[in-house]
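Chemist: have a look; sequence and predicted model below, questions after that.
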Amino acid sequence: MFAGGGLIVKMLKRTAQFDSKSSTVAGPPAAQGVKLDVPKKTKLFLDQTVRERESGSGTVLVFALWYVYSVARNFIVSAKQT
């Protein structure tokens, strides 16, 4: 049993032979140890993150006001059509 509720069931023959040479190796696959070429953070990315930190609350406020405005406008348009 696994923590998520999964269960593994293996059906074996009565004549099964177990030897260490044919068993699977536990652990991560060998390809997992290969380093990937991940680019470093660019100047543009760093500038953008600084800008988002400095003006984060203002950006949220502008979005909230835009959202309220668009909901109200859509309500008025739908009210005029009926």
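Modeler: The structure has been received and is ready for your questions. Numbers count the residues shown, from 1 in each chain.

Chemist: contacts, neighbours, all on C-alpha from now
Modeler: Noted.

Chemist: quick one, grab the pLDDT at the residue most central in space within the chain.
Modeler: Residue closest to the average C-alpha location in the chain (Cα atoms, centre = their mean): Val38, at 17.8 Å. Predicted confidence (pLDDT) for Val38: 78.

Chemist: tell me the spacing between it and Gly27.
Modeler: 24 Å (Cα to Cα, to the nearest Å).

Chemist: now swap in Asp19 and tell me
Modeler: Asp19 is 19 Å from Gly27, where distance means Cα to Cα.

Chemist: ok, Thr42 next?
Modeler: Relative to Gly27, and taking Cα to Cα, Thr42 is found at 35 Å.

Chemist: who has more neighbours out of the two?
Modeler: Per other Cα atoms under 10 Å, whichever of Thr42 and Gly27 has more neighbours is Thr42, with 9 against 6.

Chemist: name the single longest helix found in this protein.
Modeler: Determined from DSSP state H, the single longest helix within the chain is helix 56-81.

Chemist: tell me which helix or strand of the protein sits lowest on mean pLDDT?
Modeler: None of the helices or strands of the chain scores lower by mean pLDDT, DSSP states H and E than helix 43-54, at a mean of 91.
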